[in-house]
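Asks: Build me a model:
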Amino acid sequence: MDAIDRRLLDEFQHDLPLVPDPYAAIGRELGIGAAEVITRLDRLCRAGCVSRVGAVIKPGCAGASTLAAMAVPGDRLEQVAALVSEYPEVNHNYQREHRLNLWFVVTAASREDVDRVLADIRRRSGIEVLDLPMLEDFHINLGFGLQWT
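Replies: All right, here's what the predicted structure looks like:
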């Protein structure tokens with residue numbers, strides 16, 4: 001990872017330029033071309049440094065979403081987390097120290113699509129999925145300033 005990668009990760013967590021070619025705009029800021037921005041993001045995604053590139057939209061404004069949790073036996077946690085991550089509707093999942101130890105968010109075009117994904121995860125894993133639809137929204141800033149040494 002070089003200085004440009006670090007700037008890309010740190011400076012563009014928020015405020016993706018709303019222009020016809022946002023990667024060109026980012027590239028201008030970094031002194032590189034749009035194609036190189038895309039290549040770097042692809043490499044950073046494959047390396048696990050970036051989980052996704054995309055908009056964060058207020059829940060309920062477009063499509064449907066839910067928080068879900070599963071009680072996964074410890075010896076199956078990595079396998080089930082990988083299965084959950086296969087779904088494009090799942091934008092992240094994480095382990096928690098709790099009986100319900102695997103949590104994830106499903107976002108889809110409709111509530112029916114969310115239900116379909118949850119049912120498919122349940123069917124494929126053999127583990128019940130707890131559906132926790134949002135009752136009240138809170139804004140959490142998920143951008144983190146990175147410290148580089």
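Asks: quick one: the residue nearest to the spatial centre of the chain from residue 10, how far?
Replies: By Cα atoms, centre = their mean, the mean C-alpha position of the chain lies nearest to residue 91, the distance being 3.1 Å. The span separating residue 91 from residue 10 equals 20 Å under the rule Cβ to Cβ, to the nearest Å. For every residue, glycine as well, the C-beta is placed using N, CA and C.
Asks: give me the beta-bridge partners of residue 107?
Replies: Going by DSSP bridges, residue 107 is paired in beta bridges with residue 65.
Asks: Spit out the contact partners of the residue lying farthest from the centre of the chain.
Replies: Distance from the C-alpha centroid of the chain peaks at residue 31, with 27.2 Å (Cα atoms, centre = their mean). Neighbouring residues of residue 31 by Cβ atoms under 8 Å, 6 or more residues apart in numbering: residue 4.
Asks: Run through the protein and note the low-pLDDT ranges.
Replies: Along the chain, segments meeting pLDDT under 70 span 56-60, 138-149.
Asks: got the buried residues for stretch 121-135?
Replies: Residues of stretch 121-135 classed as buried under the neighbour-count rule (16 or more other Cβ atoms under 10 Å) are 121, 125, 127, 129.
Asks: So what's the residue count around residue 12?
Replies: Close neighbours of residue 12, defined as other Cβ atoms under 10 Å, add up to 19.
Asks: follow-up on the earlier one: mind checking which helix or strand the residue nearest to the centre of the chain is in?
Replies: strand 90-95 (DSSP states H and E).
Asks: Same question for residue 122.
Replies: Using DSSP H and E, residue 122 sits in helix 111-125.
Asks: orientation of that helix relative to strand 90-95 in degrees?
Replies: Relative orientation of helix 111-125 versus strand 90-95 (axes from the mean of the first three to the mean of the last three Cα atoms, to 10 degrees): 50 degrees.
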